[in-house]
Each structure stands twice: as structure tokens, then as C-alpha cells.
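Asks: Need coordinates for the below:
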Amino acid sequence: MKKILIVLLLLTYAVIAENVARVKSVKGEVLVKRNKKIITLKVGSKLYESDLVITKKSSSVGITFEDGTRISLGAKSMFSIKRFVVNPVKKDYNVDVSLLKGKASFSSGKVGKLAPESVKFRIPNGIIGIRGTHFMVEV
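Replies: Just a heads-up that it's a prediction; the model follows:
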């Protein structure tokens, strides 16, 4: 009975949760930690809020968010998608992502033009405020 309840909850989450990004390129081994599970990413994989993307040695990944925002991660990186809401119709913007370690190249999509103040790109010792459309960072 407990297993059935867990499966139903996971199915409900899968139906309700909307993906916020897709993997556009993968080199080497790239993983996502989602709901205490580790999943290997491939081109076309969907990403969701609360995902933790992990690149292994000699690996990289290119990710495109629904608003056109792009991020490329280098080897040995960890990138967290805490929140990614870009809804121009409702004027609802809230982007909160973190580079925990590694290298990243970031290029903002619609959110960078419509509400750059709503973007939080966190690093271990600070937050990067978006005032332009492109930056690179290494942690």
C-alpha cells in the first residue's frame, strides 16, 4: 500500500510540474539529482525546479530555459535550479539559480530584457546581479 501511494505521488508530481529547461548538448557524463534520484542526462532531457545538474570530469552540458536563457557548464560543475518562473502575461518573474562549483557561461533570455532585477545567480560567496545579458563565472 505504501509503495502504491509513493508511485501515485510521483505521478502526480510529474503531471503538475512543468519543465523549465531542456538539455541541448552533452559531452561526457552529466547527471541530475532529482527527488533523491540520480538520472543520466542526454540531449532532450527536461529539467525542473529543484534539480541539481552535475557534470563529471571532462564533461560539459548546454541547457536552454523556456524563455531562451542559456547556460553552459564545464567539467566538475554543480548547478542548482531553485526557481525559474518567467511569465510575461502575468508579469511574474522569479529566477533563482546557483553555481555551487565549476565553470558556467550564462546568457539571459526574455527575463534579462523584461525583468533583470528578478534574476538571482548565486555563487558560494555572493550573488551575481544581472545587468547585462551575458557573463562567465568560475567557482
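Asks: Once you drop chain neighbours, what's closest to Gly68?
Replies: In this structure, Gly68 finds its nearest non-sequential neighbour in Gly109, 2.9 Å apart by C-beta to C-beta, 6 or more residues apart in numbering. Quick note: C-beta positions are derived from backbone N, CA and C, even for glycine.
Asks: Look up how far Leu99 lies from the one you found.
Replies: Per C-beta to C-beta, to the nearest Å, Gly109 is found 18 Å from Leu99.
Asks: got it, and Val139?
Replies: According to C-beta to C-beta, Val139 and Leu99 sit 5 Å apart.
Asks: Could you check which of the two has the larger neighbour count?
Replies: Legend: neighbour count by other C-beta atoms under 10 Å for Val139 and Leu99, higher for Leu99 (22 against 16).
Asks: Give me the phi and psi for the more buried one.
Replies: phi -100, psi 110 (degrees, to the nearest 10).
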